[in-house]
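Chemist: build me a model:
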Amino acid sequence: MARLPAGIREKLRRAHLHSRDFDRRVQRFLDPKPYRLVPEDDPQTGECRWRVDLLRQPPLVRWSALAGDCLYDLRSALDQLAYALAVAYTGDPLPRHIADQSAFPLFRTKPKRVTTLNRKIVGMHPKAQTIIKELQPYKRPDKTRESNIRAALGYLDILCNRDKHRLPLVLSYRLGGLAWYGGSDPFTNIRYGTFEDGAVIAHGPIPTNPEMRVDPVVTLDIAFTEPGPTGIEASKCFAWFANSIERDVIPRFLPYL
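Modeler: Next up is the predicted model:
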């Protein structure tokens, strides 16, 4: 990506730094196991419920701000890409009516007027404009690779706008895995996904053998809740967004820079 402007490369580099910092902070918090699993037997139903009690509350607001920094840099890289495309085709300095409107639009619903989208990409090479139009998140229904890219861009836009203009991003504990090493699997139901303090994450029959009272091995991580990709690990979201931009979006525009 030698032709990619240095400012865009720096935005992407900063996004990766924020993502790695987020991962380190989360893992440092989770390593001492800040929770306990509490089995609760119900003799009337013959069922055991496994409840999670949090021993320490994670600094979710602080992590949310760090996540917002990562998302902002990724979204900003797209807008700077749009500006660079306009400069490459129209010339520098851009006419004011182009410079003031320039952006990388991401519409999650089809705009009522074509001009709403077009005015943001005017000044670019016509083929670059076509690529942007094809990447719009509202064109998502099919199950192709293109759909996955559009979904990533749409979620990035949702989360970034929420963080910038409304409230901090909402993060929560997420059950990523539950393993048992005490013989046969005792669980009849496992509730994966985000949960709150005191939530029941699994059900199963009451163990008849005391040796089966082995604590399950729990894998926890941190995930986004509403809005956005609910229940997906935040770190995987960062990688999904960054990979979509760096591997699938930017290379399509390099011939027009």
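
Chemist: so, low pLDDT: which residues of this structure?
Modeler: Within the chain, the stretches with pLDDT under 70 are 1-2, 140-143, 182-185, 209-214, 227.

Chemist: just the helices in it please.
Modeler: In the chain, the helices defined using DSSP state H lie at 6-30, 60-90, 96-99, 114-121, 126-134, 145-165, 234-243, 250-253.

Chemist: quick one, which of those is nearest to Arg36?
Modeler: Closest to Arg36 of these is helix 6-30 (C-beta to C-beta; 13.7 Å). For glycine as for every other residue, the C-beta is placed from the backbone atoms N, C-alpha and C.

Chemist: thinking again about what came up before, and of the helices of the chain, who's closest to Val218?
Modeler: Nearest to Val218 among the helices of the chain is helix 6-30 (10.1 Å), distances taken as C-beta to C-beta.

Chemist: what sits closest to Leu171 if chain neighbours are left out?
Modeler: Spatial nearest neighbour of Leu171, excluding adjacent residues (C-beta to C-beta, 6 or more residues apart in numbering): Leu60 at 4.7 Å.

Chemist: measure the one you found to Ile131 for me?
Modeler: Leu60 sits at a distance of 37 Å from Ile131 (criterion: C-beta to C-beta, to the nearest Å).

Chemist: one more: Phe224?
Modeler: As defined by C-beta to C-beta, Phe224 lies at a distance of 28 Å from Ile131.

Chemist: compare those two (neighbour count), which wins?
Modeler: Phe224 (25 against 17; other C-beta atoms under 10 Å).

Chemist: quick check: closest non-adjacent residue to the more buried one.
Modeler: Once flanking residues are discounted, Phe224 sits nearest to Ala234: 5.7 Å by C-beta to C-beta, 6+ apart.

Chemist: am I right that the one you found is in contact with Ser172?
Modeler: No. In this structure Ala234 lies outside contact range of Ser172 using C-beta atoms under 8 Å: 9.7 Å.

Chemist: those two - which one has more neighbours?
Modeler: More neighbours surround Ala234 than the other of Ala234 and Ser172, with 27 against 18 (other C-beta under 10 Å).

Chemist: list the buried ones in stretch 221-237?
Modeler: Judged by neighbour count (16 or more other C-beta atoms under 10 Å), stretch 221-237 contains these buried residues: 221-224, 228-229, 232-235, 237.

Chemist: so which of those are in strands?
Modeler: Under the assignment DSSP state E, the buried residues of stretch 221-237 contribute 221-224 to strands.

Chemist: for the spatially most central residue of the chain, give me its contacts.
Modeler: Centroid-nearest residue in the chain: Cys237, 2.9 Å away (criterion: C-alpha atoms, centre = their mean). Shown in contact with Cys237 (C-beta atoms under 8 Å, 6 or more residues apart in numbering): 155, 159, 224, 228-229.
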